[in-house]
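1. I'll drop the sequence and a predicted model, then ask my questions.
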Amino acid sequence: MFRFTPRQLEIFLAVGRAQSFRQASENLRISQAAVSEQMRALEQQIGATLFHRRAGRSMRLTAEGERFQEGVKTFVQKGHELGRLFRGATPQKLRIFIGTFLLNEYVRPALPRFLMENADIALDFVHNASGADVDDQVARGILDCAIFSREQSDPQGGFEPIFAEPAFVFATRELRDQAKLRGLQSLPFISWNIPPLRTCDQLRMLASAGVMQPVLHSEVQHHEVAVELATQGAGAVIMLHSTVQRLDRQHRLVPIVKVGTWERRLFLSQSLDQGTRDRLALFFREIVGNGEARRG
């Protein structure tokens, strides 16, 4: 018989991906003490040291830990294949709504790992041109899952907040100096009209900073285009700091004023079985639950 439990293996894989007991505990929604206790027990049960524990530094797998990780991945995959013998050979197709930027920069690079570990699930990423009522579509079962950003001040609903970060008006240093002399109102603005956050939401944020009826230089459909225009001095743009860091590699943009806080929110349909909900929630917490895109 096995000396370890499926829960211990789940925690082990989460720690290996996060390279941190603390981050793994946050992703799993359990205490850090519970993670440490389970991993100590696992090491005792198999008779091997799985982690290099280094105070103040990221966790790293030992050579034994890396071999064990590969075996666990194979074990989990075979378990899902065994389960499909009774549920049917066709993977369960889940309809997911997520913005293009998060999909390309965060989720897509990690998909091979998720699909290898969850062979009974197929993810169908759908496009919502209007961006309207995405949360309602999840509630009604039209979508199985949705991940998108909204202002933190928006009413709470049936979702899990997985990441919050302040939003700033960003511009080149030249436009920042102009704003200091003539006020923020003097700047042209670049709006990105990407559902479910619309131009009207950004206008409301600007109004909170005292900018009424701003001059719009352009309205675009992609974060990358908005940031590139801003770096060329075409205007200022409202954006998360992590997004600008990722897209403005030469650090040409600087924050001028904070205009709010955005949350990445995770919506999961109640029609999903609890096991599927837990696997999706863990995956998206790990991948988009912070400001840094992770690979695989």
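-> On my side now, so go ahead. This is a predicted model, so every value here is computed, not measured. Numbering: from 1, shown residues only.
2. Now do the helices in the chain.
-> Here the chain has its helices, by DSSP state H, at 6-18, 21-28, 32-46, 63-87, 100-102, 111-117, 134-139, 173-182, 199-208, 223-231, 241-247, 274-288.
3. need those helices in TSV with mean pLDDT, distance to Phe189 and mean neighbour count, can you?
-> For glycine as for every other residue, the C-beta is placed from the backbone atoms N, C-alpha and C. As requested, the helices of the chain are arranged in TSV below (pLDDT from 0 to 100; distance: least, Cβ to Cβ, whole Å; neighbours: other Cβ atoms under 10 Å):
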stretch	mean pLDDT	distance to Phe189	mean neighbour count
helix 6-18	89	38	20
helix 21-28	88	35	21
helix 32-46	90	43	16
helix 63-87	81	47	14
helix 100-102	82	19	17
helix 111-117	85	35	15
helix 134-139	80	25	19
helix 173-182	95	10	14
helix 199-208	83	7	17
helix 223-231	93	9	20
helix 241-247	88	15	18
helix 274-288	89	27	19
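4. Reformat those as JSON lines; add distance to Arg265.
-> Shown next, in JSON lines, are the helices of the chain (distance: least, Cβ to Cβ, whole Å):
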{"stretch": "helix 6-18", "distance to Arg265": "21"}
{"stretch": "helix 21-28", "distance to Arg265": "16"}
{"stretch": "helix 32-46", "distance to Arg265": "24"}
{"stretch": "helix 63-87", "distance to Arg265": "28"}
{"stretch": "helix 100-102", "distance to Arg265": "12"}
{"stretch": "helix 111-117", "distance to Arg265": "20"}
{"stretch": "helix 134-139", "distance to Arg265": "8"}
{"stretch": "helix 173-182", "distance to Arg265": "31"}
{"stretch": "helix 199-208", "distance to Arg265": "14"}
{"stretch": "helix 223-231", "distance to Arg265": "18"}
{"stretch": "helix 241-247", "distance to Arg265": "16"}
{"stretch": "helix 274-288", "distance to Arg265": "10"}
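5. Select, out of these, the one closest to Ala55.
-> helix 21-28 (11.5 Å; Cβ to Cβ).
6. Let me know the angle separating the closest one from helix 6-18.
-> Counting by axes from the mean of the first three to the mean of the last three Cα atoms, to 10 degrees, helix 21-28 lies at 120 degrees to helix 6-18.
7. got the contact list for helix 21-28?
-> With Cβ atoms under 8 Å, 6 or more residues apart in numbering as the test, helix 21-28 has contacts from 10-11, 14-15, 17-18, 31-32, 34-36, 39, 59, 282, 285-286, 289.
8. Using the record's assignment, carve this protein into domains.
-> Segmentation of the chain into domains, based on the TED database, reads 6-85, 92-162+264-290, 163-262.
9. which one of the helices of the chain lies closest to Val215?
-> So among the helices of the chain, helix 199-208 is nearest, using Cβ to Cβ, at 11.0 Å.
10. now for the closest one, which elements pack on it?
-> strand 188-192, strand 236-240, strand 253-268 (3 or more Cβ pairs under 8 Å, 6 or more residues apart in numbering; DSSP states H and E).
11. Pick the most buried one from those strands.
-> Mean neighbour count (mean count of other Cβ atoms under 10 Å) peaks for strand 236-240 among these, with a mean of 25.
12. how big is the angle separating it from helix 223-231?
-> 140 degrees.
13. what angle sits between strand 236-240 and strand 188-192?
-> Going by the same axes, to 10 degrees, strand 236-240 makes 40 degrees with strand 188-192.
14. Touching strand 236-240 from outside, list them.
-> Against strand 236-240 from outside (Cβ under 8 Å, 6+ apart): 149, 165-171, 175, 179, 184, 187-190, 192, 202, 205-206, 223, 226-227, 229-230, 253, 256, 259, 262, 291.
15. Ok, which of the helices and strands packed on helix 199-208 comes nearest Ala119?
-> Using Cβ to Cβ, the nearest of those to Ala119 is strand 253-268, at 20.3 Å.
16. so what secondary structure elements neighbour the closest one?
-> So strand 253-268, by 3+ Cβ pairs under 8 Å, 6+ apart, packs with helix 134-139, strand 145-151, strand 160-172, helix 173-182, helix 199-208, helix 223-231, strand 236-240, helix 274-288.
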